[in-house]
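Participant: here you go, sequence then predicted model.
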Amino acid sequence: MPPIEVLRVGGLHFVVDGHHRVSVARHLGRDVIEAYVTEVTTRVAPDERLKLADLPAKSHERLFLERVPLTGEERLRITFSDPQQGYAELAEAVEAWGFRLMQGLNEMLDRREVAQAWFEDEFVPVVDSLQEADLIADGTEADAYIRVVRERYMLLRTHEWDDDVIARLQRALD
């Protein structure tokens with residue numbers, strides 16, 4: 001039989017071409033089969049639940065983490081029901097948040113500093129508030145957070161926000 005084609009991601013292997021040859025080899029009781037193996041290196045660690053169809057989503061997650069370099073436990077909290085949309089939209093939102101932060105501070109911050117500040121000062125408080133109000137629903141924390149970001153953006157685009165409006169909101173919250 002000709003060799004099969006396999007992708008190796010971490011310690012996981014995915015058959016790209018040769019599924020039928022693998023099943024025939026198994027049926028014949030063979031434990032070894034020749035293969036062309038392409039090693040795929042990634043910054044996002046795969047786990048045993050990873051499937052070949054998940055690889056495009058892992059690519060989106062990797063790009064997100066390059067733009068928003070979060071650390072271990074922080075990055076574990078950022079997951080999406082639809083990773084192909086969520087990570088890109090969230091990266092844009094974090095970068096915009098970071099730009100506004102730097103304007104307010106009147107100083108430049110690097111990506112790690114922006115990511116850390118966003119996670120601690122924006123993401124966690126918003127998600128905590130959503131959890132308290134039982135508004136996370138069936139999705140992930142990041143799904144819920146991105147819904148808030150969309151609504152906030154829509155409000156900013158469709159309403160005038162002057163000092164009087166902000167003062168009335170502050171009085172209403174007190």
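Facilitator: Structure received. Numbering: from 1, shown residues only.
Participant: nearest the middle, which residue of this structure would you pick?
Facilitator: residue 87 (4.1 Å; Cα atoms, centre = their mean).
Participant: give me the element it is part of.
Facilitator: In the assignment (DSSP states H and E), residue 87 maps to helix 83-105.
Participant: ok, back up a step: give the contact list for the residue nearest to the centre of the chain.
Facilitator: By Cβ atoms under 8 Å, 6 or more residues apart in numbering, residue 87 lies in contact with 60-61, 63-64, 78, 80. Any C-beta I mention is one placed from the backbone N, CA and C, and that applies to glycine too.
Participant: one step back: which is the next helix or strand following the helix holding residue 87?
Facilitator: Assigned by DSSP H and E, the successor of helix 83-105 is helix 111-118.
Participant: quick one: contacts of that next one?
Facilitator: Contacts of helix 111-118 (Cβ under 8 Å, 6+ apart): 67-71, 74, 94-95, 97-98, 101-102, 109.
Participant: kindly recompute the last result at 7 Å.
Facilitator: 68-70, 94, 97-98, 101 (Cβ atoms under 7 Å, 6 or more residues apart in numbering).
Participant: between those, which is nearest residue 140?
Facilitator: residue 70 (14.8 Å; Cβ to Cβ).
Participant: can you classify the closest one as helix, strand or coil?
Facilitator: coil (DSSP: H, G, I helix; E, B strand; the rest coil).
Participant: ok, now which ones touch it?
Facilitator: Residue 70 neighbours (Cβ under 7 Å, 6+ apart): 78, 115, 119.
Participant: OK, contacts around the closest residue in space to the second one that isn't next to it in sequence?
Facilitator: Closest residue to residue 115 apart from its sequence neighbours, by Cβ to Cβ, 6 or more residues apart in numbering: residue 68 at 4.6 Å. The contact partners of residue 68, by Cβ under 7 Å, 6+ apart, come to 91, 94, 115.
Participant: equivalent analysis for residue 119, please.
Facilitator: Residue 119 sits in contact with 70, 74, where contact means Cβ under 7 Å, 6+ apart.
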